[in-house]
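Enquirer: missing the sequence, but the structure's below:
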């Protein structure tokens, strides 16, 4: 959704509070495509702090479907986003994009709410998602989900980097 910022930029100390609907139904980036299971409207407060400097505060709540890192089952993961951005509208758009924060969510006098939320999701992306703390994962040989059933594969397969240590133990057995 695009929000027109013209009235805020032209009037110093102007504040608008609004709710914006998210148009995106999935979150796509290098790791894959993740469906959005539920989303609430984004609550935004946009303030002109004078000298064409904007402060954008927002809160968003959404739930994405992400695969468990151990067993690959789908997990609903909730994001509670609470953010604040400061944007200097006097800068040329190319300079604004080159800034460390990269304000690609502002195009001219329009705020692209979907791009803003995509950036916030990326910043808050979890390091690891598990379906449960005691998730057993999948068998490295047959691919069976060990949370649902046991498999008959040999679970004593050792790391090949440990082969030299096994050689040392086997020499002691011969003595």
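Expert: In hand now; what should we look at? Just so it is clear, the model here is predicted, and its values are computed rather than measured.

Enquirer: Do you have the helices of the protein handy? List them.
Expert: 6-10, 93-98, 113-123, 163-174 (DSSP state H).

Enquirer: Residue 120: neighbour count?
Expert: 20 (other CB atoms under 10 Å). Placement of C-beta: from N, CA and C, glycine included.

Enquirer: how close does the closest residue to residue 119 other than its chain neighbours get to residue 58?
Expert: Closest residue to residue 119 apart from its sequence neighbours, by CB to CB, 6 or more residues apart in numbering: residue 105 at 6.5 Å. If you measure residue 105 against residue 58 using CB to CB, to the nearest Å, the figure is 11 Å.

Enquirer: And the two? Which one has more around it.
Expert: Using other CB under 10 Å, the more surrounded residue of residue 105 and residue 58 is residue 58, with 22 against 19.

Enquirer: so what's that one up against?
Expert: Applying CB atoms under 8 Å, 6 or more residues apart in numbering to residue 58 gives the contacts 42, 43, 44, 45, 81, 82, 83, 84, 116.

Enquirer: hmm, which of those residues are the buried ones?
Expert: 42, 44, 81, 83, 116 (16 or more other CB atoms under 10 Å).

Enquirer: What is the least confident helix or strand in this protein?
Expert: helix 93-98 (a mean of 61; mean pLDDT, DSSP states H and E).

Enquirer: Check what pLDDT the closest residue to residue 54 other than its chain neighbours gets.
Expert: Distance criterion CB to CB, 6+ apart; nearest residue to residue 54, sequence neighbours excluded, is residue 87 at 4.6 Å. Per-residue confidence (pLDDT) for residue 87: 84.

Enquirer: got it, and residue 143?
Expert: Value for residue 143, per-residue pLDDT: 87.

Enquirer: quick one, phi/psi of it?
Expert: Listed backbone geometry of residue 143 is phi 80, psi 10, with angles given as degrees, to the nearest 10.

Enquirer: All set now, cheers.
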